[in-house]
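**Student:** quick one: sequence plus predicted model below, questions after.
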Amino acid sequence: MVNNLLEFESKVKNFSFKYFLSIDSERTLAELDSSLKGLTISEAKKRLEIFGENKFGKEKSTNVLNIFLEQIKNPLIWILLIASLVSLYLSDFFDFLIILIMAFLSIALGFVEEYRSAKAVESLMKKIAPKAKVKRDNIVSKIPAADLVPGDIIEVSTGDIVPAEVRFIETNNLTIDESMITGESFAVEKDSKVLSSEVTLPQDAINIGFMGTKVISGFGTGVVIALAKNSEIGKTAKYLESADAETEFQVGIRKLGKFLVFVTIGLTIIVFVANIFLRHGYLESFLFALALAIGITPEFLPAIITINLAKGAAQMSEYGVIVKKLATIENLGNINVLCTDKTGTLTEGKIKLVDFFDVKNNHNEKILEYVYLSSLRGEGPMDGAIKEYFEKYKKTKFKVRKVLDDFSFDFQRKIDSILVSDEKNNILIAKGAVDSILERSKFIDTNGKIESITKHKEAILKEIENYGSRGLRLLAVAYKKTKITKISPKDENDLAILGFLVFGDHLKETAKETIEKLDNLDVKIKTLTGDNKYVCAYIAKEVGLDSNKMLSGDEISKMSSDELKKVVKDIDIFYRLTPEHKLSIIKALKNDGNVVGFLGDGANDAMSLKEADAGISVDSAADVARDSADIILTKKSLEILIDGVKSGRKIFGNTMKYIFNATSSNFGNMLSVATASFILPFLPMLPMQIIILNFLGDVPSISIASDNVDEEYLEKPKEWNIKAIAKFMFPFGAISSLFDFATFFLLFSFFKNNPIIFRSGWFVESLITEVLIIFVVRTKKIFFKSNPSKLLIINSLISLFIGLTLIFTPLNVFFNFTYIPAWFLGIILILVFIYLMMAEGLKYIFYRTTDIY
């Protein structure tokens, strides 16, 4: 056999299934140094040592420590952890615990995600046959599929899983379900013949058996050309083992963290230098500066996100959207492109008999009677569709006939036939592919009138082309009267064509309307399918997609990544695709700045589901597809995604409300405290009072998670915009601080150097502005034109009630507060009113000059 195994290994590993498509069986065996008798046992053992086992590789380890360390790389987590330590050093135990809980809550959100890739690979492994029928030393035996090597001769038959990539050298009525590779549900007829060198797609490779696909019928013998790692499905397994790409949501959080780190460091340096200049001591100055700077961190952001996502997931489950990866909810809301297959999404996903007619387009019920009889013993999807149609639409009772014999369908004849009794003669009824029936027919029957078929052939062929261009399939039904009692192939001739049956996968009634609704939400639909151009063009036209904008898998294969990126946004229909083509399209769309959702249910969709910002599958999907997806639908429908998109946008909107409010308010507070520490002879507020103020301010902030969102906000997808956050934070924080200084001035003017009343007055002003500013920030509209949630209103009133109770009741002595005069409270309320009006004006300018809505 092979003299130099290392050279042989190098050669075989470079082989692709495409290499073997256009060479004959003899040359294939020669290239693999094999024969029809199979390898010798000793040769197979040598090759096993060189090539290794027919497996995808070792499972990913899920070391808990490594997973934990991955989570704390987020700069926002580091800020929270440092903030908690500073609080602990300053004996602020309440803040220490709160911030620490928030940090670990954020870590927990992503902790389980590392298990997803391993689960997806495990699902792929389940698809691979544990045993294989292999011929070695001219003897067929069963061995573990993992022990197969290149050059092995294997046999497959009905029900088997193809255990490796094989080039067939003999087939007998062999059909294989290749949906896990191509995504198309119809079984593929396999043959050992040599194909054109122009064939490149798996769906056209009829002489290749792909690893993991299932044999539906027949028998085949083939030679192993590739093992698991180099197989088509091996490419999927390898991709699934790679780390998950960052979603838009994760990128946004990371950018926010970096921005806050930058601001924190900047404030720390400024305040530290100022305190050193005022001779407050190095350590004291550093800790004070760090404590102030960290105060800008929105410490409740992890809680807000968690509450938002958990509530959104619960609501989405009520209408059939099950969320596996919480962070994807916001991505779902922000998608502006949704890629989907047509089968089961735009269409019903089930073959149905939609019409029947004779050569002159008459609805002859004799066609329905005869085709029903021909399907009595059939079990295929078309036989089922015929029986279903017959039971539902038959208008007259037909004569009961005895079945005498039947001849099942095979891929050589491409027809099936049945023999039934009649009063004088028996009737042979045949149905099948139109061209096969035409070859066997000499006549046509139009309402009992028998004519020669010759002058009708051209019209029949045109009708076939017409229906094919609409994505429909035609079968012909023919018959002849005969004296025979048993069918043989020679009897299936001299037939009279009775009529034609039209089969199709019905367009969903809601498909066009749903696409229009998604378009109104600024989500563009792109169809990615393995089907042919004509079917796709017809479906696209019916649902309102642009059938003039189409791109094939062959064309994509010839493009570079940059070339595909330039055209992908303008194409609505992609057809004749492989899993790699789909993945390239998803990547090109993302690289072009889109947030991409992908809806798929086959094993061939797993890579695209993993790559998409929102990977969406269905509960009936292949295991590997469900494991790779972020979101599972209880039914394959675009309609239920509409509510999912809206929920995602609502959650993103509420998250951004909190970020805008928290960063601007915290920045304003820190600016006020830092400035006050330079100009006041006493602390502007005691640590315990700051803790109470922060707590009361956070109570309504938490309610933002379940706040209402303006309908206008839901109309378009949004994106993380750190520049916009900074543009909002600095001016809004500045005017907050400006009104703090105004309060300082009034307190000094009326009450002179009185620390207790100063702190009490500033506490009231800070609390009222911090609570009420939420109602301004939460909407683009003037605050009274947008309806906040009841919970936000109630929690805001509770915060104000508790805060004012601490000032205007005897409880004030326990917190070092004192009563402030009613007239001064009135002045504060006037200040607050002016502040809110200025904030409204500033908000108007912000939205006019910033494109984030």
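**Tutor:** Sure, I can see it.
**Student:** would you verify that K387 is located in a helix?
**Tutor:** Yes. K387 forms part of a helix when assessed by DSSP: H, G, I helix; E, B strand; the rest coil.
**Student:** now do it against E509, distance only.
**Tutor:** K387 sits 23 Å away from E509, going by Cβ to Cβ, to the nearest Å. The C-beta positions use only the backbone N, C-alpha and C, and glycine is treated the same way.
**Student:** after the worst-scoring helix or strand of the chain on mean pLDDT, next one along is what?
**Tutor:** Every helix and strand of the chain was ranked by mean pLDDT, DSSP states H and E. The lowest is helix 116-126, at a mean of 47. Following helix 116-126 in sequence order, the next helix or strand is strand 131-136 (DSSP states H and E).
**Student:** tell me how far stretch 544-555 lies from the chain's centre.
**Tutor:** Offset of stretch 544-555 from its chain centre (Cα atoms, centre = their mean, to the nearest Å): 22 Å.
**Student:** more neighbours: K387 and E509, which one.
**Tutor:** Neighbour totals were compared for K387 and E509, and K387 leads with 16 against 9 (other Cβ atoms under 10 Å).
**Student:** my guess is that one contacts L373, does it?
**Tutor:** No. Using Cβ atoms under 8 Å, K387 is not in contact with L373, being 10.8 Å away.
**Student:** relative to Y819, how far out is the residue in the chain sticking out farthest from the centre?
**Tutor:** Residue farthest from the centre of the chain, counting by Cα atoms, centre = their mean, is K752 at 63.4 Å. K752 sits at a distance of 17 Å from Y819 (criterion: Cβ to Cβ).
**Student:** likewise I573?
**Tutor:** The gap separating I573 from Y819 is 73 Å, by Cβ to Cβ.
**Student:** likewise for K350?
**Tutor:** K350 sits 76 Å away from Y819 when distances are taken as Cβ to Cβ.
**Student:** how about L148?
**Tutor:** Per Cβ to Cβ, L148 is found 88 Å from Y819.
**Student:** who has more neighbours, those two?
**Tutor:** Counting neighbours by other Cβ under 10 Å for L148 and for Y819 shows that L148 has the greater number, 26 against 14.
**Student:** show me the contacts for that one.
**Tutor:** N54, A132, V134, I154, P163, A164, V224, L227 (Cβ atoms under 8 Å, 6 or more residues apart in numbering).
**Student:** repeat that for I153.
**Tutor:** By Cβ under 8 Å, 6+ apart, the residues touching I153 are 34, 36-39, 134-136, 169, 221-224.
**Student:** beta partners of it?
**Tutor:** Beta-bridge partners for I153, by DSSP bridges, are K135, V223.
**Student:** what's the spacing between it and I793?
**Tutor:** 76 Å.
**Student:** now do Y847
**Tutor:** Remark: distance between Y847 and I793 (Cβ to Cβ) = 24 Å.
**Student:** do the same with K718
**Tutor:** From K718 to I793 the distance is 25 Å (Cβ to Cβ).
**Student:** quick one, helices of the stretch 401-550 of the chain?
**Tutor:** Shown for the stretch 401-550 of the chain, the helices assigned by DSSP state H, counting those that start in this stretch span residues 434-439, 457-469, 511-520, 533-543.
**Student:** buried deepest among those, which one?
**Tutor:** Counting by mean count of other Cβ atoms under 10 Å, helix 533-543 has the highest mean neighbour count of the helices of the stretch 401-550 of the chain, with a mean of 19.
**Student:** which SS class is the spatially most central residue of the chain?
**Tutor:** Nearest residue to the geometric centre of the chain (Cα atoms, centre = their mean): G615, 1.3 Å. With three-state DSSP as the basis, G615 sits in strand.
**Student:** pretty sure it sits against D630.
**Tutor:** Yes. Counting by Cβ under 8 Å, D630 is a contact partner of G615 at 4.7 Å.
**Student:** tell me, how many residues neighbour I702?
**Tutor:** I702: 16 surrounding residues under other Cβ under 10 Å.
**Student:** please, where are all the strands along the stretch 301-450 of the chain?
**Tutor:** Secondary structure of the stretch 301-450 of the chain, counting by DSSP state E, counting those that start in this stretch: strands at 321-323, 337-340, 347-357, 403-407, 415-420, 426-433, 441-446, 449-452.
**Student:** just give the nearest non-adjacent residue to L338, would you?
**Tutor:** Nearest non-adjacent residue to L338, counting by Cβ to Cβ, 6 or more residues apart in numbering: G597, 4.4 Å away.
**Student:** for the stretch 1-150 of the chain, which spans come out with low pLDDT?
**Tutor:** Where the stretch 1-150 of the chain drops to pLDDT under 70, the residues are 1-6, 57-80, 83, 86-87, 89-95, 98-99, 101-103, 105-129.
**Student:** please, where are all the strands along it?
**Tutor:** Under DSSP E, counting those that start in this stretch, the stretch 1-150 of the chain gives strands at 131-136, 139-144.
**Student:** pipe the ones you listed into JSON lines and attach mean neighbour count and distance to K549 per row.
**Tutor:** Below are these laid out as JSON lines (neighbours: other Cβ atoms under 10 Å; distance: least, Cβ to Cβ, whole Å):
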{"stretch": "strand 131-136", "mean neighbour count": "20", "distance to K549": "45"}
{"stretch": "strand 139-144", "mean neighbour count": "12", "distance to K549": "49"}
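**Student:** got TSV for the ones you listed, with distance to V645 too?
**Tutor:** Listed next are the strands of the stretch 1-150 of the chain as TSV, based on distance: least, Cβ to Cβ, whole Å:
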stretch	distance to V645
strand 131-136	46
strand 139-144	47
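**Student:** out of the ones you listed, which comes closest to A625?
**Tutor:** In terms of Cβ to Cβ, the element of these nearest to A625 is strand 131-136, at 25.1 Å.
**Student:** what's the angle between that closest one and strand 139-144?
**Tutor:** Counting by axes from the mean of the first three to the mean of the last three Cα atoms, to 10 degrees, strand 131-136 lies at 140 degrees to strand 139-144.
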